[in-house]
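Q: sequence-free structure coming up:
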């Protein structure tokens with residue numbers, strides 16, 4: 001792996017996540033021609049506010065994580081990535097926009113649960 005060969009793996013964070021659900025057949029004309037998907041068992045799909053349109057799989061891996069191999073059902077919004085990764089790299093939170101929409105989940109990823117109320 002390139003990050004191992006370069007010697008930077010110990011200071012690396014990998015994040016993988018999907019975009020929102022697959023397009024429904026009734027909306028296929030608006031999304032790449034006739035492409036559509038099944039989001040079963042979730043209801044809805046791309047362009048809806050139901051779980052099939054907004055719930056996505058994701059994972060994060062890093063040797064910086066103290067607690068590994070855990071799953072969570074904690075609410076995490078795309079706007080949470082910036083403050084989460086910002087805190088992970090030790091950047092000054094005062095430099096983030098004052099009225100940002102996201103919350104940092106870095107402590108939660110470390111196993112120190114913090115409940116955020118939206």
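A: Yes, it's here. Remember, predicted model here, so these are calculated numbers, not experimental data.
Q: from here on, contacts and neighbour counts on C-alpha atoms
A: Noted.
Q: could you identify the longest helix within this structure?
A: If you go by DSSP state H, the chain has its longest helix at helix 81-88.
Q: do you know how far residue 13 is from residue 64?
A: Distance of residue 13 to residue 64, given as CA to CA, to the nearest Å: 8 Å.
Q: lowest-pLDDT helix or strand in this protein?
A: Every helix and strand of the chain was ranked by mean pLDDT, DSSP states H and E. The lowest is helix 51-54, at a mean of 83.
Q: count of neighbours near residue 12?
A: If you count neighbours by other CA atoms under 10 Å, residue 12 ends up with 15.
Q: quick one, what contacts it?
A: Contacts for residue 12 (CA atoms under 8 Å, 6 or more residues apart in numbering) come out as 3, 62-64.
Q: from the residues you listed, which is closest to residue 25?
A: residue 62 (38.0 Å; CA to CA).
Q: tell me who's in contact with that closest one.
A: With CA under 8 Å, 6+ apart, residue 62 has these contacts: 10-14.
Q: so which of the residues you listed sit within strands?
A: residue 14 (DSSP state E).
Q: for the contacts of residue 62, give me JSON lines that also has distance to residue 103 and pLDDT.
A: Shown next, in JSON lines, are the contacts of residue 62 (distance: CA to CA, whole Å; pLDDT from 0 to 100):
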{"residue": "10", "distance to residue 103": "25", "pLDDT": "89"}
{"residue": "11", "distance to residue 103": "22", "pLDDT": "89"}
{"residue": "12", "distance to residue 103": "21", "pLDDT": "92"}
{"residue": "13", "distance to residue 103": "18", "pLDDT": "93"}
{"residue": "14", "distance to residue 103": "19", "pLDDT": "93"}
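Q: from the contacts of residue 62, which would you call buried?
A: If you count burial by 16 or more other CA atoms under 10 Å, none of the contacts of residue 62 comes out as buried.
Q: just the contacts of residue 12: which has the poorest pLDDT?
A: Among these, residue 3 carries the weakest pLDDT, at 85.
Q: double-check that it belongs to a helix.
A: Yes - using DSSP: H, G, I helix; E, B strand; the rest coil, the secondary structure at residue 3 is a helix.
Q: leaving out sequence neighbours, find the closest residue to it.
A: residue 9 (5.0 Å; CA to CA, 6 or more residues apart in numbering).
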